[in-house]
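pasting the sequence and the predicted coordinates here, then a few questions.
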Amino acid sequence: MNSLKPVIPANLIQPCPNLNEIEGTTGKDLMIWSVDTVAKYNDCKARHGAIVKALE
């Protein structure tokens, strides 16, 4: 039996980026941090979902 591994594009197998720590206490600091964190999460979630689909 010869099982073939699916070819997964390199951009999908990159580790998710580290999240920044909040560096301030103002609402502005929190908003900047949360926008960055949500963007990183959404990118990582999309890549993970694409890998799951590729392996189905």
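Nice, I can see it.

residues contacting Val38?
By C-beta atoms under 8 Å, 6 or more residues apart in numbering, the contact list for Val38 is empty. (Glycine included, C-beta is placed from N, CA and C.)

sorry, that was for Glu21
So Glu21 contacts nothing (C-beta under 8 Å, 6+ apart).

point to the residue nearest the middle of the chain.
In the chain, the centroid-proximal residue (C-alpha atoms, centre = their mean) is Cys44; its distance is 1.4 Å.

just the element for that one, please.
Applying DSSP states H and E as the criterion places Cys44 in helix 27-55.

list the buried residues of that helix.
Neighbour counts using 16 or more other C-beta atoms under 10 Å place 33, 47 of helix 27-55 among the buried residues.

quick one: low-confidence parts of this structure?
1-2 (pLDDT under 70).

rerun that using 80 as the cut-off
1-6 (pLDDT under 80).
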